[in-house]
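> Quick one, what's the 3D model for this:
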Amino acid sequence: MLTRPFFAFSLLLLACLLATNSWATYLTWADYPNGRLYRIDTEKKILEQEINTENWQRVAPINFTGINPIDFPLKTRVISIEIPSKKWERYLLIDCTNQVYHFDFKNLTLTRIDRTFFRGYNCLSTRFMRKDTLYSFGGYGFWQTNNIQTYFQSNTHEWESILPINIPPKAINHGLNAYLSNSDLFFSAYNSFHIDSKNSGKSEYDRDAFMYSFQTKKWKNLGAVSNQKVIEVLTQKDKTPIIWTGEYFLLEYKEDAVIKFLLIDPVNNLVSIWQDSQKVFGSQIAKTIEEDPFALYCWHNTLYFVNDTEVTKPSLRHNIAIATIIKEAIPDGNLYNPYRHWYWALGFALGIILIVFLIMRFNRKVFNHPIDTTQPEILTTFSEIEIKVLDVLKEHFEGVGVDSNQINELLQISDKLPDNQRKIRNDFMKALNQKLTIVYQVEEAIIKKPSVHDKRYYFYQLSKIVFDKM
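Residues are numbered from 1 along each chain as shown. Down below sits the predicted model:
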């Protein structure tokens, strides 16, 4: 399925340590020995290596196993993920599908290992490796964004859904999304939420920042993104690639004719700005990501690019160490304002204390005081009909009490069906009993007794404690 161009090119998420992406008729990714690009021609079944921005060199033929070339989308974006325990093997994931391929550099074989047929819902999702398992969070497809969390089950060769315990972000799409391997958490902030049938088809941004724990399967709302420069860059019309280095997000933008990068540390909630004072990048990045998916990418803590001074001729891709950007960056405050959850807890506790205090104070005022129906303040505690019922109950205390029919007459429900009478009468007497219980601190203020002659009929009588105090 083809998604809208706006979203098809809105996000390029490059995992520096483990993942790189591309759009092409080839399967293209960055790899050893120095971050250079490789690609597989799926028609000719050959592996090629980039010589410069215009030329490629044939490396070797490739053996295909379980692959049908027509399964590749017309424009194929590839996410390459290194397998930690196997240096020369890669997972190649095909965007907008659930297709998973295994590539072996030594044996020069490309093998499809999934058995899925689903595609179209997870374009531009966040893919990563966690404890030897592949994961895919969020994405866009079928004219809407999503927050679906899945993992690849190696024994069934299928993608399975993860069900979080609480509410996740509205969407995981075109935001700051990455797996934090050191803490085994997933960070997600300032995502774009979109459904064609809502809001006239316009996208909305969820300003909140979240952290997902794989141990508890819970999302935690950290706070609202507040850094204005981050918001400005993420929401600008010309979408910038969001680059993940393994520790930091990098957002490139241009200000006062100078290329700058926002350096975002999600763990410590910090933002810094790096300025290209030495014109390493020239006046601008040579191409857009629509023209060249690898106009700007990260691989193993190094940022690769082509500057505009050499755009007219074939050239090698330049690079700059991420450590240099970190060292020269100037702090620019926090990414988000943390929610002070303890404020809410304190406010709730104080509210409970206040309610208990008011109840105790009220009980001290009314405890052991008789209900005097001539006093105005008592009349505001009990309704007019409740006062009438209490008067009748006091009059019949010495006898067997007040029967159901008398209560029905007082409540003016004698003309209703028996079942309705019973429900209305029971609800009324229950509420009246609860009021008397609060006033006199007794468990059963009004006693309900069946008739000795007919168990279907009941009599109501005040308890002796309540009668004596009234």
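
> all contacts plus neighbour counts: C-alpha atoms, from now on.
Fine.

> Break down the stretch 351-470 of the chain into its helices, ranges please.
376-379, 384-395, 404-411, 418-440, 464-469 (DSSP state H, counting those that start in this stretch).

> Could I get those in a markdown table, plus columns for distance to residue 294, mean neighbour count and mean pLDDT?
Shown next, in a markdown table, are the helices of the stretch 351-470 of the chain (distance: least, C-alpha to C-alpha, whole Å; neighbours: other C-alpha atoms under 10 Å; pLDDT from 0 to 100):
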| stretch | distance to residue 294 | mean neighbour count | mean pLDDT |
| --- | --- | --- | --- |
| helix 376-379 | 80 | 12 | 43 |
| helix 384-395 | 80 | 16 | 83 |
| helix 404-411 | 81 | 16 | 83 |
| helix 418-440 | 73 | 15 | 82 |
| helix 464-469 | 85 | 14 | 78 |
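
> and of these, who's closest to residue 267?
helix 418-440 (52.4 Å; C-alpha to C-alpha).

> okay, now the residue lying closest to residue 84 once chain neighbours are set aside: neighbour count?
Of all residues not flanking residue 84 in the chain, residue 132 sits nearest, at 7.7 Å (C-alpha to C-alpha, 6 or more residues apart in numbering). The number of residues packed near residue 132 is 11, by other C-alpha atoms under 10 Å.

> Residue 132 and residue 183, how far apart?
To residue 183, residue 132 is 16 Å away according to C-alpha to C-alpha, to the nearest Å.

> so what's residue 209 closest to, chain neighbours aside?
residue 189 (4.0 Å).

> swap in residue 213?
residue 185 (5.1 Å).

> can you count the residues close to residue 154?
13.

> which one is it nearest to, not counting chain neighbours?
Once flanking residues are discounted, residue 154 sits nearest to residue 133: 7.9 Å by C-alpha to C-alpha, 6+ apart.

> Could you check the pLDDT of that neighbour?
On pLDDT, residue 133 comes in at 96.

> List the contacts of it.
151, 152, 153, 154 (C-alpha atoms under 8 Å, 6 or more residues apart in numbering).

> Now, the residues you listed that are in helices?
Using DSSP state H, the subset of these located in helices is empty.

> List of residues touching stretch 225-233?
So stretch 225-233 is in contact with 189-190, 207-209, 239-240, 251, 253, 262, 271, 333-337, going by C-alpha under 8 Å, 6+ apart.

> Hmm, I typed the wrong one, I wanted stretch 271-285.
227, 254, 257-265, 295-296, 305-309, 325-326, 328-335.

> now, which of the residues you listed lie within helices?
Reading helices off these with DSSP H, I get 325, 326, 328.

> Those, buried ones only, as a ChimeraX selection?
Listed next is the ChimeraX selection for buried residues among the ones in helices among the contacts of stretch 271-285, using 16 or more other C-alpha atoms under 10 Å:
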select :325
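
> Nearest to residue 65, out of the helices of the stretch 351-470 of the chain?
Nearest to residue 65 among those is helix 418-440; the distance by C-alpha to C-alpha comes to 73.1 Å.

> Please name every helix or strand in contact with that closest one.
Secondary-structure packing of helix 418-440 (3 or more C-alpha pairs under 8 Å, 6 or more residues apart in numbering; DSSP states H and E): helix 341-366, helix 404-411.

> Pick out the shakiest of those, pLDDT-wise.
The bottom spot among these, by mean pLDDT, belongs to helix 341-366, with a mean of 66.

> if I pick residue 95, what's in contact with it?
Applying C-alpha under 8 Å, 6+ apart, the residues contacting residue 95 are 76, 77, 78, 79, 122, 123, 124, 125.
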